[in-house]
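S.K.: model this:
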Amino acid sequence: MDAIFVGSLDSKEKKLIVNSDANAAYAAPGYLLYYRDKTLLAQPFDLKSLTLKGEPADLFSGIQFTRQVKKVAFAVSSGGVLLAQSGGSTRAIGLSQPKWFDRSGKELGELDKPGIYENVAIAPNSSGVAADMIDLASLNMDVWTYDKLNDGTPKRLTFDPGYDGASVWSADGKQILLSSNRQLALDLYIKNADGVQEERSIFHDDFDKLANDWSRDGRYILFRHADELWYLTLPGFAPKAFLKTSGILQNGQFSPNGKWVAYNSNETGKWEIYVTSFPEAHGKWQISTSGGEQPRWRADGKELFYLSSDGRMMATNVETAAGFRPGAPVPLFQAHPRQPVSYLDIFAYDVTRDGQRFLINTETRSTETVPVTVISNWPAKLNK
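M.R.: Modelled structure (predicted):
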């Protein structure tokens, strides 16, 4: 029987290291097929000992590869038929473009040209925008910033060869919180937004941590820890578990007054938006009624936005001064955000302080098609 592995190749020992952070590898009978340098390679392989034999041979060049989820666009049958799709990393990941919209859905302009973006974030003081972008040459994800809301000139903020993303601004716009896997697990880092200082690690353990939000008073950092929501208390960065359910929790957002946290959970089998109190989670209010993700607060705390399951921008009036009282959600307009590639895609949009403009990482549609190449009896090709 064929087997599928996610692992890395130790070129010196010629062994497959299973369950580490590397490319997807497929063990066909007698061969290991794996991706390296935009090429699908085949190498004789002993399935019992997980040992490589001989040298790798090029099987298909220019194959599609999605770096975030380590997905290579190919399949192979036990009968020797190979299906492969070309197109490099751009097509596999999907192009998008951060665009501005008003509350009616009218397009107001673009932040930058089409590219590969994730996790757009507007500074709370409106001093700039941060976005995660993939460099097409290196296929590396890094945090980039824009000095103005309508400035199409990005500045690269991170340079580590690992993943750097899920960026969150401090309230004064002077620092950026981010997640990075430079120590294998995703850890939390802080860096000055002007890029003068190297980023510093603020919390490390063996679980993945995705930055979600930074309270407006600067006292707390909210993040996803495995499938739970945790927070750090500043200045000591002491970690504490905040919220756990039977499902997955993500996209935690502090209310502007810091007394509430909006988040989405799939505990019912469908993603919905909820609100609970902070710093102790007492009570729970469901905001969305037919699916919802990615909550965002208006700066005065009187409105809560989210994306419905069919991509509509929704708005809910709320009162947070004396207890929490939500109104009924109403649709604003149909959005077309780029679909998430992995769980690292946290926020496809952000909203200005007054709730009047939305920056949405909008899908860039193309009528171009990429053919699938069929190679029959592919092992015979290796002997030529």
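S.K.: so who does Leu210 touch?
M.R.: Residues in contact with Leu210 (C-beta atoms under 8 Å, 6 or more residues apart in numbering) are Ala166, Ser179, Leu186, Phe223, Arg224, Gln250, Tyr343, Leu344, Ile346. Just so you know, the C-beta spots here come from the backbone N, C-alpha and C atoms, and that holds for glycine as well.
S.K.: low-confidence ranges in this protein?
M.R.: 1-29, 66-71, 87-94, 366-370, 383-384 (pLDDT under 70).
S.K.: which stretches in the stretch 251-384 of the chain count as helices?
M.R.: 378-382 (DSSP state H, counting those that start in this stretch).
S.K.: the strands in it, which residues?
M.R.: For the stretch 251-384 of the chain, the strands defined by DSSP state E, counting those that start in this stretch occupy 260-265, 272-277, 285-286, 292-297, 303-308, 312-319, 325-326, 330-334, 349-351, 357-363, 372-376.
S.K.: quick one: strands adjacent to the longest one?
M.R.: Which is strand 312-319. Strand pairing for strand 312-319, using DSSP bridges, gives strand 303-308 (antiparallel), strand 325-326 (antiparallel), strand 330-334 (antiparallel).
S.K.: hang on, the earlier thing: would you list the buried entries among the contacts of Leu210?
M.R.: Ala166, Ser179, Leu186, Phe223, Arg224, Gln250, Leu344, Ile346 (16 or more other C-beta atoms under 10 Å).
S.K.: helix or strand right after the strand or helix carrying the third one?
M.R.: So the one you mean is Leu186. Per DSSP states H and E: Leu186 is located in strand 185-192. Downstream of strand 185-192, the next assigned helix or strand under DSSP H and E is strand 200-203.
S.K.: and the contacts of that following strand?
M.R.: Identification of contacts with strand 200-203 by C-beta under 8 Å, 6+ apart yields Gln183, Asp187, Leu188, Tyr189, Ile190, Lys191, Lys209, Ile221, Phe223, Leu232, Phe237, Pro239.
S.K.: can you pick the most crowded of these?
M.R.: Comparing the contacts of strand 200-203 on neighbour count, Phe223 comes out first with 27 neighbours (neighbours: other C-beta atoms under 10 Å).
S.K.: what is it paired to in the beta sheet?
M.R.: With DSSP bridges as the rule, Phe223 is bridged to Ala211, Trp230.
S.K.: which residues does it contact?
M.R.: Phe223 sits next to Ser179, Leu188, Phe203, Lys209, Leu210, Ala211, Asn212, Leu229, Trp230, Tyr231, Leu232, Gly252 when contact means C-beta under 8 Å, 6+ apart.
S.K.: the last one reaches Trp214, doesn't it?
M.R.: Think Gly252. No. Gly252 lies out of contact with Trp214 (C-beta atoms under 8 Å); the separation is 11.0 Å.
S.K.: any shared contact partners between the two?
M.R.: Contacts common to Gly252 and Trp214, judged by C-beta under 8 Å, 6+ apart, are Leu222.
S.K.: can you give me the domain boundaries for this protein?
M.R.: Taking automatic domain parsing as the domain assignment, the ranges for the chain are 3-90+368-382, 96-363.
S.K.: return the most buried member of those.
M.R.: Mean neighbour count (mean count of other C-beta atoms under 10 Å) peaks for domain 96-363 among these, with a mean of 18.
S.K.: and it, end to end?
M.R.: This stretch, domain 96-363, spans 4 Å end to end (C-alpha to C-alpha, to the nearest Å).
S.K.: gap between it and the chain center?
M.R.: 10 Å (C-alpha atoms, centre = their mean, to the nearest Å).
S.K.: can we start the residue count at 5 from this point?
M.R.: Sounds good: first residue 5 from here, last item domain 100-367.
S.K.: Asp50 and Gly58 touch, don't they?
M.R.: No. With contacts counted by C-beta under 8 Å, Asp50 stays clear of Gly58, the gap being 11.1 Å.
S.K.: skip the chain neighbours and tell me the closest residue to Met318.
M.R.: Of all residues not flanking Met318 in the chain, Pro333 sits nearest, at 4.7 Å (C-beta to C-beta, 6 or more residues apart in numbering).
S.K.: I'd say the one you found and Val322 touch.
M.R.: No. Counting by C-beta under 8 Å, Val322 is not a contact partner of Pro333; they are 10.3 Å apart.
S.K.: need the contact list for Leu181.
M.R.: When contacts are counted by C-beta under 8 Å, 6+ apart, Leu181 touches Ser171, Val172, Trp173, Ser174, Leu192, Tyr193, Ile194, Ala215, Trp218, Ile225.
S.K.: doesn't Trp218 make contact with the second one?
M.R.: Going back to what we said before, that points to Val172. Yes. The criterion here is C-beta under 8 Å, and Val172 meets it with Trp218 at 5.3 Å.
S.K.: between those two, what contacts are shared?
M.R.: Leu181, Ile225.
S.K.: strands of the stretch 105-254 of the chain, start to end?
M.R.: Assigned by DSSP E, counting those that start in this stretch, the stretch 105-254 of the chain shows strands spanning 111-114, 121-126, 133-138, 145-150, 159-160, 168-173, 179-187, 189-196, 204-207, 213-218, 224-229, 232-237, 242-247, 253-258.
S.K.: can you list the strands that the first one pairs with?
M.R.: Yep, that's strand 111-114 we're talking about. Under the criterion DSSP bridges, strand 111-114 sits next to strand 100-106 (antiparallel) in its sheet.
S.K.: ditto for the third one
M.R.: Paired strands of strand 133-138, with direction, are strand 121-126 (antiparallel), strand 145-150 (antiparallel) (DSSP bridges).
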